[in-house]
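>>> Need the 3D shape of this:
(2 chains)
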There are 2 protein chains.
Amino acid sequence: MDGVLADIYAQYFRFETMESGIQRSREDMTGRPESEVFRNIRKYVFTRGFFRDAPVIQGSCKALKKLNAQYELFVVSSATEFPQSLNEKHDWLTEHFPFITWQQMVFCGSKAVVHGDIMIDDHFKNLDSFNGKTILFTQPHNSGLPDNHHIRVHSWEEILKILL
Amino acid sequence: MDGVLADIYAQYFRFETMESGIQRSREDMTGRPESEVFRNIRKYVFTRGFFRDAPVIQGSCKALKKLNAQYELFVVSSATEFPQSLNEKHDWLTEHFPFITWQQMVFCGSKAVVHGDIMIDDHFKNLDSFNGKTILFTQPHNSGLPDNHHIRVHSWEEILKILL
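Residues are numbered from 1 along each chain as shown, chains lettered A, B, ... in the order given. So this is what the prediction gives:
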């Protein structure tokens, strides 16, 4: 969800600018973990509204609707580390992706417990241990790093080309 | 979680008695779905506090602690149907099972997306499609019904005998 459907970087930028006035560009953070770039990230992700107000990643809604018509689709999100995010993520999904039913939502800690045929994610830690086809969604933290045999994409349009 | 760690029947009884004074015994409901027995069940499970205040099932805490030391353990709970339950279930687990970390929690709709070696559950719908060993925890709704090739147990002591 974060970094694939929800534009979580936009929130990092916004929270950091509000707090300290820092203005960054996405290029500044190529290949660097978010926690290294944004010094107070732990504070932001535990702040009420951080997940609820995230913008939707371009093209994700239209693309997921199409995939949902042809695939058995689940939205799996790491959430239990930030308990306040559970309801925020549920409400965010319900607002922006109303065609995703409660049966299709999974809020977890580790994604190791999830299986399926295809996983789309922006983190190597989730993709590397997955037992099916893996699609790496490009985000600054994974940019410029080796793809680890995952299929790298830069947009939802590319994902549709692969999966439809 | 419900019907295996959390005594959800105790809550059904309590809510129904509070509402209408009805006093039932567990024998009344042998082999009958909860939704058939408790007429206003949909109201109860959407009520604030229903999941948060559930008693802990006898022996589950001690047993899970022992299993947690020897197995890679996840607590998987159907929760997204009742959005208010997400935080309640998280807080309930954290209070009663403090050794279960956020990495080990999964709140979902359908358990079809979960894989593993062993599943302990009280519902056939979850066990029947699981790809590993399946242990059926006896509850009134599944009592007297065929076991569908699952290992039926009546207590956590029995589970420990099988798994340790």
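
>>> Every contact and neighbour count from this point should use C-alpha atoms.
Will do.

>>> how far away is the nearest residue to residue A:9 once chain neighbours are set aside from residue B:31?
In space, and not counting its chain neighbours, residue A:9 is closest to residue A:3: 7.4 Å by Cα to Cα, 6 or more residues apart in numbering or on different chains. For residue A:3, the distance to residue B:31 equals 46 Å [Cα to Cα, to the nearest Å].

>>> Relative to chain B, how far out is the residue nearest to residue A:9?
As for residue A:3, its distance to chain B is 19 Å (criterion: Cα to the nearest Cα, to the nearest Å).

>>> so that residue touches residue A:122, yeah?
Yes. Between residue A:3 and residue A:122 a contact is recorded at 6.2 Å, counting by Cα atoms under 8 Å.

>>> and for those two, which residues touch both?
Common contacts of residue A:3 and residue A:122 (Cα atoms under 8 Å, 6 or more residues apart in numbering or on different chains): A:137, A:139.

>>> which one of residue A:3 and residue B:31 has more residues nearby?
Ranked by neighbour count (other Cα atoms under 10 Å in any protein chain shown), residue A:3 and residue B:31 place residue A:3 first, with 18 against 15.

>>> Now do the contacts for that one.
Residues near residue A:3 by Cα under 8 Å, 6+ apart: A:9, A:57, A:121, A:122, A:137, A:139.

>>> What is the neighbour count of residue A:105?
Residues lying near residue A:105 (other Cα under 10 Å) number 26.

>>> and the residue lying closest to it once chain neighbours are set aside, what are its phi and psi?
Nearest non-adjacent residue to residue A:105, counting by Cα to Cα, 6+ apart: residue A:75, 5.1 Å away. Dihedral pair for residue A:75: phi -100, psi 120, per degrees, to the nearest 10.

>>> Past the helix or strand harbouring residue A:120, which element shows up next along the chain?
Per DSSP states H and E, residue A:120 falls inside strand A:118-121. Per DSSP H and E, the first helix or strand lying C-terminal to strand A:118-121 is helix A:124-127.

>>> That following helix and chain B, any residue contact?
No. Judged by Cα under 8 Å from any Cα of the partner chain, helix A:124-127 makes no contact with chain B; its nearest approach is 12.8 Å.

>>> tell me which residues of the host helix or strand of residue A:161 are tucked away?
According to DSSP H and E, residue A:161 maps onto helix A:156-163. Across helix A:156-163, burial judged by 16 or more other Cα atoms under 10 Å in any protein chain shown covers A:156, A:159.

>>> Quick check: which element contains residue A:13?
helix A:8-20.

>>> now for that helix, which elements pack on it?
helix A:41-45 (3 or more Cα pairs under 8 Å, 6 or more residues apart in numbering or on different chains; DSSP states H and E).

>>> After the helix it packs on, heading C-terminal, what element do we hit next?
Remark: after helix A:41-45, the chain's next helix or strand is helix A:60-70, criterion DSSP H and E.

>>> contacting residues around that following helix?
Helix A:60-70 has contacts (Cα under 8 Å, 6+ apart) with A:4, A:5, A:73, A:96, A:97, A:99, A:156, A:157, A:160, A:163, A:164.

>>> The fifth one - nearest residue in space that isn't next to it in sequence?
The shortest distance from residue A:97 to any non-neighbouring residue, by Cα to Cα, 6+ apart, is to residue A:61 (6.4 Å).

>>> Show the pLDDT at that neighbour.
pLDDT for residue A:61: 98.

>>> same question, residue A:85
Looking at residue A:85, its pLDDT is 97.

>>> Quick check: phi and psi at it.
Torsion angles, degrees, to the nearest 10, at residue A:85: phi -80, psi -20.

>>> want to throw the contacts of residue A:3 into JSON lines with neighbour count and pLDDT?
Below are these laid out as JSON lines (neighbours: other Cα atoms under 10 Å in any protein chain shown; pLDDT from 0 to 100):
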{"residue": "A:9", "neighbour count": "18", "pLDDT": "94"}
{"residue": "A:57", "neighbour count": "18", "pLDDT": "98"}
{"residue": "A:121", "neighbour count": "23", "pLDDT": "98"}
{"residue": "A:122", "neighbour count": "23", "pLDDT": "97"}
{"residue": "A:137", "neighbour count": "22", "pLDDT": "98"}
{"residue": "A:139", "neighbour count": "21", "pLDDT": "96"}
